[in-house]
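Student: Pasting the sequence and the predicted coordinates here, then a few questions.
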There are 2 protein chains.
Amino acid sequence: MSILVVGSVAYDTVETPHETRERQLGGSASFFSLAASHFVPVRAVGVVGDDFRHEDLDLLSSRGVDVTGVTRASGDTFHWSGRYHDDMIERDTLSTELGVFQDFQPVLPRGWETTPYLFLANIHPALQGVVCDSLVAPRLVVLDTMNLWIETTRDELSAVLRRVDVLLLNDGEARMLSGRAGLAEAAAAIREMGPGRVVIKKGEHGALYFGPDSMLAVPAVLLPEVVDPTGAGDTFAGGFVGHLAAAGADRLSGESVFRQAMLSGTAMASFCPQAFSVECLCNLTDADIEARVARLREMMTP
Amino acid sequence: MSILVVGSVAYDTVETPHETRERQLGGSASFFSLAASHFVPVRAVGVVGDDFRHEDLDLLSSRGVDVTGVTRASGDTFHWSGRYHDDMIERDTLSTELGVFQDFQPVLPRGWETTPYLFLANIHPALQGVVCDSLVAPRLVVLDTMNLWIETTRDELSAVLRRVDVLLLNDGEARMLSGRAGLAEAAAAIREMGPGRVVIKKGEHGALYFGPDSMLAVPAVLLPEVVDPTGAGDTFAGGFVGHLAAAGADRLSGESVFRQAMLSGTAMASFCPQAFSVECLCNLTDADIEARVARLREMMTP
């Protein structure tokens, strides 16, 4: 069953202590799609500018991502620049040029409104709400957000959260949204806001799942080298939602499939930092993914 | 089978955003002993000053800690003062008054040299080496250290590491000691230095075990409130070594018992921050500990 993703398709300029890469393919919808497409077909909705390279759209298409919903507008593609510190964890944003993304209005190609799975990547919550309205009885709606929206558009975010099944966010954002320091208490408070399930991402420290009947802590896979961690959170989301869609899960499914999906998300996220941009997501085999899930299980079994 | 611990018995003055507690019982040997004594009898070697309260020694004794090896010297007890930030993770050391600990020379009471388990808490590595020499064929030697010794007494530390079975240290210290950023690579490099097994503590993010044939990631138990995290690392060590001693493990034991010991260490460490000083370690029942280990297993099982 396919997944509809709405988010950014962008160019990233990434500086690390070792190397700088300019205008490489990035954006939440790109990372998500290339991860999720290892599990099920993906439909992407976004916008790019005149400068967007045909080969980048072709790359997405060749990996099972339907880019009919990625429109081309007059202007520049969303361009993010950032510099990683020596620890390859902390980073400074050097510039954010929204370009055509500034006026992005998601429009679903005909027939896409019945897509069973919806991933609302990190965009303005009012737009997330519009997309939610467009869909007819989705089996599962998963949403990502960020500190900017928590701080500046709280009401719109609250409105869309009431209609979401799973919220993904990082630990700092969970504390900000809930006003609670303890992550279990933060998750409980967020579940009161609407999402029945909450996933708290902790970067190199793994991720936590909180559902109606259980919680799960998944460690991150230890990597020998971090080349470029940009997009790891959206890659996690791609593996997580991809697993749920492949399993045919819906909001009434038991905890088990969501707990297993955490392993797929974590495994997929672990490939992302091993190369720049989306490189590591493109040539993965099912065997690579299964091997990494198996390694994760071993790391977790006392 | 009993454990010999050599380390500090101290008074801590702890400031948190909510409360300040002055001269409460602390020190690595105190936290370790009170945790490990839930598993096996413990023998403590340390030094205190004229000011040390009888009731604090009595507390240790009443919990199965033999304090015959804690000598009283003329002067003040080691006194550490620190202030926690709002996150209750970061802290600033306000003062470190070594007092009688400055001239500490561990002396083992007669008969203690055959104690089967040895925990060398974080003291000068030359002293750790002296204690190592005093013991006759211990089954297992576990050592903790810190950035100070890695930076200033590298040669002495290297010498004692060659005689150690398990090294406990935190993630920053592991990177500093090994010169490697990746924690798996850091652990592999440290294992080349002597310890067959390495445990990397990551505070609120849990702990990692690296043995000859496997690795294990254990998450920290999520706590609703952190009152005072001082001593959690030594409390982890107490649960970890306590479990190994209760199981009769030695350096030739398979991975399984070490992996299980990680759960006991993590469970014990999770009690420590729930109250000031050693309060939470004193009235625990076996059922409390078992319940927390069970909760941890559930958190780790996908």
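Tutor: Sure, I can see it.
Student: what about residue A:125, neighbour count?
Tutor: 24 (other CB atoms under 10 Å in any protein chain shown). C-beta: built from backbone N, CA, C; applies to glycine.
Student: Next one: it relative to residue A:9, how far apart?
Tutor: Separation of residue A:125 from residue A:9 (CB to CB, to the nearest Å): 19 Å.
Student: Likewise for residue A:76?
Tutor: Residue A:76 is 12 Å from residue A:9, by CB to CB.
Student: Could you do residue A:253 as well?
Tutor: 30 Å.
Student: More neighbours: which of these two?
Tutor: Neighbour count, other CB under 10 Å: between residue A:253 and residue A:9, residue A:9 has more, with 29 against 17.
Student: so that one touches residue A:47, yeah?
Tutor: Yes. Using CB atoms under 8 Å, residue A:9 makes contact with residue A:47 at a distance of 7.2 Å.
Student: who touches both of those two?
Tutor: Shared contacts of residue A:9 and residue A:47, defined by CB atoms under 8 Å, 6 or more residues apart in numbering or on different chains, are found at residue A:70.
Student: Tell me if stretch A:217-228 is near chain B.
Tutor: Yes. Using CB under 8 Å from any CB of the partner chain, stretch A:217-228 reaches chain B at A:217-219, A:222-226.
Student: Compile those into CSV and extend it with columns for neighbour count and distance to residue B:28.
Tutor: Shown next, in CSV, are the residues of stretch A:217-228 next to chain B (neighbours: other CB atoms under 10 Å in any protein chain shown; distance: CB to CB, whole Å):
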residue, neighbour count, distance to residue B:28
A:217, 26, 27
A:218, 27, 31
A:219, 24, 27
A:222, 19, 28
A:223, 20, 32
A:224, 12, 33
A:225, 11, 34
A:226, 18, 33
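Student: Restricted to strands, list these.
Tutor: A:217-218 (DSSP state E).
Student: Tell me which two of the residues of stretch A:217-228 next to chain B sit farthest apart.
Tutor: The span of the residues of stretch A:217-228 next to chain B, defined through CB to CB, is set by A:217 and A:225 at 24.7 Å.
Student: Mind telling me what element residue A:77 is part of?
Tutor: Of the helices and strands defined by DSSP states H and E, none includes residue A:77.
Student: count of neighbours near it?
Tutor: The burial count for residue A:77: 28, using other CB under 10 Å.
Student: Could I get the contacting residues of it?
Tutor: With CB under 8 Å, 6+ apart, residue A:77 has these contacts: A:9-11, A:48-49, A:51-52, A:99-101.
Student: which residue sits closest to residue A:227 in space, ignoring its chain neighbours?
Tutor: residue A:275 (5.4 Å; CB to CB, 6 or more residues apart in numbering or on different chains).
Student: Compute the distance between residue A:177 and residue A:154, please.
Tutor: 9 Å.
Student: Tell me which of those two has more neighbours.
Tutor: Higher neighbour count among residue A:177 and residue A:154: residue A:177, with 24 against 12, using other CB under 10 Å.
Student: ok, now which ones touch that one?
Tutor: Residue A:177 neighbours (CB under 8 Å, 6+ apart): A:145, A:150, A:169, A:186, A:190, A:193.
Student: Distance check, the first one against chain B.
Tutor: Distance of residue A:145 to chain B, computed by CB to the nearest CB, to the nearest Å: 22 Å.
Student: For stretch A:150-159, list every residue counted as buried.
Tutor: For stretch A:150-159, the buried set under the neighbour-count rule, 16 or more other CB atoms under 10 Å in any protein chain shown, comprises A:150, A:153, A:156-157, A:159.
Student: Same check on stretch A:278-292?
Tutor: So for stretch A:278-292, counting by 16+ other CB under 10 Å, buried means A:278-282, A:284, A:289, A:292.
Student: which one of the residues you listed is nearest chain B?
Tutor: residue A:292 (13.8 Å; CB to the nearest CB).
Student: If we ignore the residues flanking it in sequence, what's nearest the closest one?
Tutor: residue A:267 (4.1 Å).
Student: Which neighbours in the sheet does the helix or strand that contains residue A:95 have, and how are they oriented?
Tutor: Assigned by DSSP H and E, residue A:95 belongs to strand A:91-97. The strands beside strand A:91-97 in its sheet (DSSP bridges) come out as strand A:79-84 (antiparallel).
Student: Export only the CA atoms of the strand it pairs with, formatted as PDB.
Tutor: The C-alpha coordinates for strand A:79-84 follow below in PDB (Å, rounded to 0.1, in the frame of the first residue of the first chain):
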ATOM      1  CA  HIS A  79      18.300  25.900  -0.500                       C
ATOM      2  CA  TRP A  80      19.700  25.100   3.000                       C
ATOM      3  CA  SER A  81      23.300  25.600   4.000                       C
ATOM      4  CA  GLY A  82      24.800  24.300   7.200                       C
ATOM      5  CA  ARG A  83      28.200  23.600   8.800                       C
ATOM      6  CA  TYR A  84      28.800  20.700  11.100                       C
END
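Student: List the contacts of it.
Tutor: A:10-17, A:23, A:26, A:90-97, A:99, A:228-230.
Student: Can you point out the buried residues in that strand?
Tutor: Going by 16+ other CB under 10 Å, strand A:79-84 has these buried residues: A:79-82, A:84.
Student: And stretch A:5-19, by the same measure?
Tutor: So stretch A:5-19, judged by 16+ other CB under 10 Å, has buried residues A:5-16.
Student: now the residues you listed in JSON lines, with pLDDT?
Tutor: Shown next, in JSON lines, are the buried residues of stretch A:5-19 (pLDDT from 0 to 100):
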{"residue": "A:5", "pLDDT": "98"}
{"residue": "A:6", "pLDDT": "98"}
{"residue": "A:7", "pLDDT": "98"}
{"residue": "A:8", "pLDDT": "97"}
{"residue": "A:9", "pLDDT": "97"}
{"residue": "A:10", "pLDDT": "97"}
{"residue": "A:11", "pLDDT": "97"}
{"residue": "A:12", "pLDDT": "96"}
{"residue": "A:13", "pLDDT": "96"}
{"residue": "A:14", "pLDDT": "96"}
{"residue": "A:15", "pLDDT": "95"}
{"residue": "A:16", "pLDDT": "95"}
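Student: Narrow the residues you listed to those in strands?
Tutor: Among the buried residues of stretch A:5-19, the members falling in strands (DSSP E) are A:5-6, A:10-15.
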